[in-house]
Every structure is written in C-alpha cells, then in structure tokens.
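Q: Have a look at this prediction, sequence included:
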Amino acid sequence: MIRPSRIAIVGAGPGGLMLARLLQRRGLTPVVYERDAHTGERPQGGSLDLHAETGQRAMRLAGLEAAFHKAARPEDQGDRLYDAAGHLLFDRDDSGDDRPEIDRTVLRQILLDALAPGVVRWGSHVQAIVPSSEGGFTIANGNTTERFDLVVGADGAWSCVRDLLTATKPRYEGVTLVELGFDTARHPQVDALVGSGKMFAVGDNRALIAQRNGFGHIRGYAGLRLEEGEARAWMRAPPDTVRQRLGETFSGWSSSLIYLVERGDILGIRPMYALPAGHRWPSRAGLTLLGDAAHLMSPFSGEGVNLAFADATDLADAITGEDGWAGIQAYEATMAARAAPAAEGAAAGLASVFSPNGADQVLAHYHQRVGA
Ligand SMILES: Cc1cc2nc3c(=O)[nH]c(=O)nc-3n(C[C@H](O)[C@H](O)[C@H](O)COP(=O)(O)OP(=O)(O)OC[C@H]3O[C@@H](n4cnc5c(N)ncnc54)[C@H](O)[C@@H]3O)c2cc1C
C-alpha cells in the first residue's frame, strides 16, 4: 500500500471523528460509517477531561482549540472522597492539573460541526468487511458496496473490525456501574455533595460516584461487584427492580449517600469490560484500529478519550506520511506502548476502589497525587 486515498472509518465516536477531521484538514475525504441513525439517538454519557499532551493537543491540531476552550469547564476539576458513613475524607477544589472538563455530547458536536456535510453516514451499521480482489477491503452497507484502501476500526468496545485481526475479546472485570442522572435544581443536596468536580464515596467493594456535567446536570454511578450473568440480568430488568437491588446493596450507608440511588434517574447499566493490557494483533495491510476498539479499558484511569485522540493524531500522520504500510505498523506499535500503562492503571484503579478497604486506597492515591 502506498499512501491510502480511499479511507473508511467505522464508528463516529470521538476517536473516529477526530481522525476524520485531521484527515480532512490534510485534503482527504474519508467516509465515516456510524450505526446510530442520527447524532441524538443515544445519550453520549457524562463529562470527560482532556489532557494537555493528548486530548488537548489533538483539538489544537484539528483547529478546534478555541471551540474546546469556549465549551470546556476548567472550574470543575475538584475531587472529594467520602466513606460509607458520609464522612468527608478528602476535599480539594482544584486538582491543579490542566485537564478541563467537557460534556461528551458537546465534544462530539464540535467534531461533527467541523466535518464536511455527508462525511458521516448515519444509520450505517457495518456488518461485512471483505478483502477486495483489487486490493484493500470492501464494505457492504444496505444495497451499496464500496472499496477502500484502508479501513479503520474506531468502533469501540465490541469492534467488528477487530474481529478481522484478532480472536481476543474484552473480558468482564467483575464490576458493574449503574449510571444515574440528576438535575442540580431538583436535587440541591446532590449539588452540595459533589462540590466543584467529582466525588467518590467508597465502602466495602462498593462505590457511589458523582460528577458535575454542564447545563446543571450531575452524572452519577453506583458501582458494585456482580457476576457477569447477573449484570446482564440487571440490563434487562425494569428500573424499579434495579433501584431496589441498589437499595439493598448500599443499605447501611449514610442517608446523604443513599439519596443518590433512591432518587437518581437510572440511565443505564454498564458492566466494565477490558482488553488485556498491552493487547497487540498481527498487523494486516489495509486494516487498523484506534481508541477503545484497540485498547478497551475501564474508566478508572480517565484516559480513554485522550488515548483515542492521541491515536487519531498519530494515525493521521501515518496515513499522510511517506512510509505506506510501514508507517501504519509503526503507529500500531506506538499506540500499544502508550495504552499499556493506562490499561494497567485502569485495572489497578478498579481493583483498589472495589476492595474491602477501598476508601483507604483511594485516599492514599489522592495524597500521593498532591504530594502529601
Ligand atoms: C461510564 C464511563 C465513563 C467514562 N469516563 C471517561 C473519562 O472520564 N475520561 C476518558 O478519557 N474516558 C472515559 N471513558 C472512556 C471513553 O468513553 C472511551 O474511551 C471513548 O469513548 C472511546 O472512544 P472511541 O471513539 O474509541 O469509541 P466509542 O466512543 O465507543 O465510539 C464507537 C462508535 O462506533 C459506533 N459503532 C460501533 N460498531 C459499529 C458498526 N459495526 N458500524 C458502525 N458504527 C459502529 C458506535 O455507535 C459509536 O458511535 C468512560 C467510559 C465509560 C463507559
């Protein structure tokens, strides 16, 4: 493969859209296949923080730095930690890091607005990618079949592109998060509990987490250890049943914390899955991956979107560079080396929060970060 010109990106998540934008800035017109019918089909989740050297750098290279800073919330970087009795163990208004928060929906919209019309093909669920006799791969979608020099799997946790490269599948990590929503106007006590960024309340193998989002919203997570089959059953259960089970799980916690599971809107059940840290696959000309498709990890390192953006930056360089497929192989090696420590950190973070002495471990982590 010389320099690919016909490029398909499967998935219009943050990673796929960032790659499309960076390629468009360099005169290429990729096709982005997205299974959602339109931008508002699914809630996009809560707040993300963009790190200086990865997420923010990508926004700068994409020419979207001003739009990011206009929408970002640098004031929401505080941390609080409570124990199950509701005692405040740690409270810091500003983490001191340069990691402004932005709502995921807003970030996605900034990226979508920066793409030429028609680049994203909504309602296009890619199900078949097959080698083409002319080189590259064809993607069949509805009644159309198109050939591409390069297909990039930016299709997240359950990537269909990854299935063409490796038999490795994400493994369940034993912990499930129930996502909860609050309006601060309706729930001033949650507003007060959270402070200026996010709060963790950590008890024996359980945690309640809440994070300030934009537009007067707070996103919460009730996390607990569950067998995989049970987590799947919770996904199918009516909200009242989930709420009842959460009430049982957090019984005995302080009333200010229990309020979160009693009163939050139940937005979804998210079992945590991860690929093995350092996951690699045999390189195959014409196909590559980025973001969660390549290195899915739990959110306990706070790196997922930042890694996806760094991948998009490096892959755009490789695609438009002079080294052909060797450049993309070098990208794959760099990506794997960058993601491995973050994946180890995410696994360690999840194991320490969901442990018998989780509050002590999280407190030690915060003290280490502030150098106390
Ligand atoms: C609860 C939770 C909290 C998180 N918090 C943070 C955080 O604070 N900070 C952070 O950096 N990261 C966080 N993450 C991780 C972050 O969300 C992911 O790392 C990030 O979204 C990965 O982006 P992506 O573009 O690789 O994949 P995704 O965002 O998963 O996007 C994949 C896209 O591909 C589409 N798709 C899938 N299959 C197909 C197909 N066959 N055909 C067409 N389209 C397809 C999907 O519809 C989707 O739009 C969190 C994750 C979770 C679950």
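A: On my side now, so go ahead.

Q: quick one: is stretch 3-22 near the ligand?
A: Yes - using Cβ under 6 Å from any ligand atom, stretch 3-22 reaches the ligand at 10, 11, 12, 13, 14, 15, 16. Every residue, glycine included, has its C-beta placed from N, CA and C.

Q: Would you mind confirming that the fifth one makes contact with residue 109?
A: Right, the one you point to is residue 14. No - counting by Cβ atoms under 8 Å, residue 14 stays clear of residue 109, with 11.1 Å between them.

Q: Looking at the two, which is more packed in?
A: Applying other Cβ atoms under 10 Å to residue 14 and residue 109 shows that residue 14 carries more neighbours, namely 27 against 17.

Q: Please name the residues that touch the more buried one.
A: Applying Cβ atoms under 8 Å, 6 or more residues apart in numbering, we find residue 14 in contact with 104, 107, 108, 111, 291, 305, 308, 309.

Q: quick one on the thing from earlier: just the residues of stretch 3-22 next to the ligand: which are in helices?
A: Using DSSP state H, the members of these that fall in helices are 14, 15, 16.

Q: Not including adjacent chain positions, what is the nearest residue to the last one?
A: Among residues not flanking residue 16 along the chain, residue 154 sits closest, at 3.2 Å (Cβ to Cβ, 6 or more residues apart in numbering).

Q: okay, the ones in helices among the residues of stretch 3-22 next to the ligand in a markdown table with pLDDT next?
A: Below are these laid out as a markdown table (pLDDT from 0 to 100):
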| residue | pLDDT |
| --- | --- |
| 14 | 97 |
| 15 | 98 |
| 16 | 98 |
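
Q: which one of those residues is nearest the ligand?
A: The ligand has its nearest neighbour among those in residue 15, at 3.1 Å by Cβ to the nearest ligand atom.

Q: State the distance from that closest one to residue 211.
A: The gap separating residue 15 from residue 211 is 21 Å, by Cβ to Cβ, to the nearest Å.

Q: Quick check: buried residues in stretch 201-211?
A: If you call a residue buried by 16 or more other Cβ atoms under 10 Å, then stretch 201-211 has these buried ones: 201, 202, 203, 205, 206, 207, 208, 209, 210, 211.

Q: right, and the second one touches residue 85 too?
A: Okay, so that is residue 202. No - using Cβ under 8 Å as the test, residue 202 is too far from residue 85 to be in contact (11.4 Å).

Q: tell me the contacts of residue 228?
A: 172, 271.

Q: hmm, try it at 6 Å
A: residue 172 (Cβ atoms under 6 Å, 6 or more residues apart in numbering).

Q: Tell me the confidence at it?
A: Looking at residue 228, its pLDDT is 97.

Q: and if you look at the one 3 residues further on?
A: At residue 231 the predicted local distance difference test score is 97.

Q: Do the helix or strand containing it and the ligand come into contact?
A: In this assignment (DSSP states H and E), residue 231 forms part of helix 228-236. No - Helix 228-236 stays out of contact with the ligand when judged by Cβ under 6 Å from any ligand atom, the minimum separation being 13.3 Å.

Q: next helix or strand past that helix?
A: Next in sequence after helix 228-236, counting helices and strands by DSSP H and E, comes helix 239-249.

Q: Would you mind identifying the next helix or strand past that following helix?
A: helix 255-263.

Q: Go through that following helix and flag the buried ones.
A: Under the neighbour-count criterion of 16+ other Cβ under 10 Å, helix 255-263 has 257, 258, 259, 260, 261 buried.

Q: what's the angle from it to helix 239-249?
A: Using axes from the mean of the first three to the mean of the last three Cα atoms, to 10 degrees, the inter-axis angle of helix 255-263 relative to helix 239-249 is 160 degrees.

Q: Helix 255-263 packs against which elements?
A: Contacts defined by 3 or more Cβ pairs under 6 Å, 6 or more residues apart in numbering; DSSP states H and E place helix 255-263 against no helix or strand at all.

Q: Figure out how far that helix is from the centre of its chain.
A: 26 Å (Cα atoms, centre = their mean, to the nearest Å).

Q: What lies in contact with that helix?
A: Contacts made with helix 255-263 from outside it, assessed by Cβ under 6 Å, 6+ apart, are listed as 86, 201, 208, 220, 222, 246, 250.

Q: Mind checking the pLDDT average for it?
A: 96.

Q: Give me the contact list for the helix or strand that comes right after that helix.
A: Next in sequence after helix 255-263, counting helices and strands by DSSP H and E, comes strand 265-274. For strand 265-274, contacts defined as Cβ under 6 Å, 6+ apart pick out 170, 172-173, 175-179, 181, 231, 234-235, 239, 242, 296-298.

Q: Within reach of the ligand, which of the contacts of residue 14 are there?
A: 291, 305, 308.

Q: Now do residue 2: how many residues are near it, please.
A: There are 9 residues near residue 2, going by other Cβ under 10 Å.

Q: separation between it and residue 325?
A: From residue 2 to residue 325 the distance is 9 Å (Cβ to Cβ).
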